[in-house]
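Novice: let's see this in three dimensions:
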Amino acid sequence: MQIPLIALLVLACGGLGGLVNALLAGDLHLPHREENIYSPGWIGNVVIGAVAALVFWGLYGPMAKVPVIGRTAPDVPVAFTIAELAGSIVTGIGGGPILSSEVEKKTREKTANELATALQQTRRADEQ
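Specialist: Okay, the predicted model is just below:
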């Protein structure tokens, strides 16, 4: 059956797209935690890109209407086109910024909280 092979190709292309995103974002570091903020690094970008590509292929690819359980129509072609291959890479590139955006959001929230705490401490010190 060709579907598992196609799914692996989609995952690989999405992962490649995630790696390209990590290169573009300058995010080539290993996963690490810094002051309660987790940064998934390039590995997270690869995983997110691979999963995003597989999800989009499953939703919008030619196999979207093929039943997983039950009868399959004999005239349903199982094919993987160059456009789907390229689309998987682009999806992987697009999945990475979502991950990077979440890390940046948490970093900004933490910074804002630290600034608010420092401001409160300064005000208390001035009142005394």
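
Novice: tell me where the longest helix sits in this protein.
Specialist: Longest helix of the chain, by residue count under DSSP state H: helix 82-127.

Novice: what score does residue 15 have for pLDDT?
Specialist: Residue 15 is assigned 90 on the pLDDT scale.

Novice: what residues are up against residue 95?
Specialist: By C-beta atoms under 8 Å, 6 or more residues apart in numbering, residue 95 lies in contact with 14, 17, 18, 21, 45, 48, 49, 51, 52, 53. Yep, even glycine has a C-beta here, placed from its N, CA and C like the rest.

Novice: what's the helix or strand bottoming out on mean pLDDT in the chain packed up against?
Specialist: Each helix and strand of the chain was given a mean pLDDT (mean pLDDT, DSSP states H and E); the minimum falls on strand 37-39 at a mean of 77. Counting contacts by 3 or more C-beta pairs under 8 Å, 6 or more residues apart in numbering; DSSP states H and E, strand 37-39 packs against strand 32-34, helix 82-127.

Novice: the next helix or strand after it - contacts with which helices or strands?
Specialist: In the C-terminal direction, the helix or strand that comes right after strand 37-39 (DSSP states H and E) is helix 41-60. Helix 41-60 sits against helix 3-25, helix 82-127, with contacts defined as 3+ C-beta pairs under 8 Å, 6+ apart.

Novice: return the member of the contacts of residue 95 nearest to residue 97.
Specialist: The closest of the contacts of residue 95 to residue 97 turns out to be residue 21 (C-beta to C-beta; 6.4 Å).

Novice: pretty sure that closest one contacts residue 92?
Specialist: Yes. Contact criterion C-beta atoms under 8 Å: residue 21 and residue 92 qualify, at 7.1 Å.

Novice: perfect, that will be all.
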